[in-house]
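Enquirer: using only what follows, build the 3D model:
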Amino acid sequence: MTVQAAVSGRGRRAHQAPGGVARRVRLTPVYVALVLLALVSVVPFLWMLATSFKHGPDVYTKVPSLLPLDRKTGAWAPTLENYEHVIRIGGLGRAFLNSVWVCLVLVPAKLLVDALAAYAFARIPFPGRDKLFAVLLGGMMVPTITLLVPRIHVTQELGMFDSGWGLILPNVASVLDIFLLRQFFLSLPSELEEAALIDGAGRMQIFWRIIVPLSKPVLAVVTITSFIFHWNDLVWPLVVLNDPDLYTLPLALQQLASTESGRAYYIMAGAALAVIPVIVVLMIFQRRIMEGIAFTGLKS
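Expert: I've put the predicted structure just below:
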C-alpha cells in the first residue's frame, strides 16, 4: 500500500507539474510589472534619503550616484550637516514639534467626535436621523476650497485666527470618517447591543465596551488617514497662520524650498524629516490595517 501510494503521489505531481509551470509562466509578466512599480515608488524615496546625507559638491556630479560618496575620491562620505542646518536655521525643528502637537491633539479628538457621531447615526434612532445624514453626505459633494472663506470667517470670529487651536477645532470632525465608521457600525451584530440594553447598560457603556473593541481595525484606518492628511496639510495652515513660530512642517518645508531653492541637499533633508513620522505610523498600525482588510465578521 505504501509503494502504491508513493507511485500514485508521483503520478499526481507529474500530472500537476505542467499546469503549475504554465501558471508561473503566465504570472511572470505580472510579477515583473509589480517589481517595476515597486522600484518606481521606492527609488525616489531612496534618492531623497541619499541626497539628504550628501555634501553640497557631491550632489551635482556628472555621473549620478545613489550613495553619499565623495565626488573626488569616491569614498563613503555621509554627513548630518544638512539636518542640523534645516533644524536650526531652516526652522524645521520648531515646525516639527508644532506638527506633532497638532496631530497628537487633533487626531484623537477627531476620532472621538467622528466615532460618537457615527454611532449615533448607526445605532440610536432619533427624529430626522436619516435626513440629517443625507444632508451631511450632500456636503461631501461641495468642493473643500469653496468652504475656505466661510471657515476663515468663523475662525476669526471665534478668536482662533493665527493660533494652534485655529488648526485643531475647525478640523475636529470629518464627514467622510463619519460615513466610514457608520457603515462599519451597521455591519456589527445588533444582538450584542440588545443584550447589553436588556442587562441595563447605557449607550456610552455599549459604545466603549462593545462597539469600540469590535471596531479597532476601522478605527486604526481612520487614525492613519487622519494623521497623514493633517501632517501633510498645507492649505489650512497657510491661510490661518501668520506667526512663523506657529508654522507646521509643510509650511516650513515650503519656506525652506523657496529660500534654499538651489540647494537640493537641504530640501531633501527637510523632506526626509517630514516623511519619517508617516512611515513610523504606518509600521505601527500595519497589523491593524491587515486586520481591517481581512475582517469578515464575528466568531460565533
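
Enquirer: where do the helices sit along the stretch 151-300 of the chain?
Expert: Listed in chain order, the helices found in the stretch 151-300 of the chain under DSSP state H, counting those that start in this stretch are 164-168, 175-187, 190-198, 203-206, 212-214, 216-232, 235-240, 249-259, 264-284, 286-294.

Enquirer: R23: which of the ones you listed is closest?
Expert: helix 286-294 (24.4 Å; C-beta to C-beta). To be clear about C-beta, it is placed using only N, CA and C from the backbone, and glycine gets the same treatment.

Enquirer: please work out how many residues are found near the closest residue to T259 other than its chain neighbours.
Expert: Excluding the flanking residues, the one nearest T259 by C-beta to C-beta, 6 or more residues apart in numbering is G90, at 7.8 Å. Neighbours of G90 under the rule other C-beta atoms under 10 Å: 25.

Enquirer: okay, G90: pLDDT?
Expert: Listed pLDDT for G90 reads 79.

Enquirer: still on that earlier bit, make a markdown table out of the helices of the stretch 151-300 of the chain and add mean pLDDT and mean neighbour count.
Expert: Listed next are the helices of the stretch 151-300 of the chain as a markdown table, based on pLDDT from 0 to 100; neighbours: other C-beta atoms under 10 Å:
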| stretch | mean pLDDT | mean neighbour count |
| --- | --- | --- |
| helix 164-168 | 91 | 20 |
| helix 175-187 | 91 | 19 |
| helix 190-198 | 87 | 13 |
| helix 203-206 | 91 | 14 |
| helix 212-214 | 91 | 13 |
| helix 216-232 | 89 | 19 |
| helix 235-240 | 92 | 17 |
| helix 249-259 | 90 | 19 |
| helix 264-284 | 87 | 18 |
| helix 286-294 | 67 | 13 |
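
Enquirer: and those: which comes nearest R26?
Expert: R26 sits nearest to helix 286-294 of all the helices of the stretch 151-300 of the chain, at 25.5 Å, using C-beta to C-beta.

Enquirer: I'd say L80 and F53 touch.
Expert: Yes. Contact criterion C-beta atoms under 8 Å: L80 and F53 qualify, at 7.4 Å.

Enquirer: which one's more surrounded, those two?
Expert: F53 (20 against 11).

Enquirer: contacts only, for that one.
Expert: 68, 78-80, 82 (C-beta atoms under 8 Å, 6 or more residues apart in numbering).
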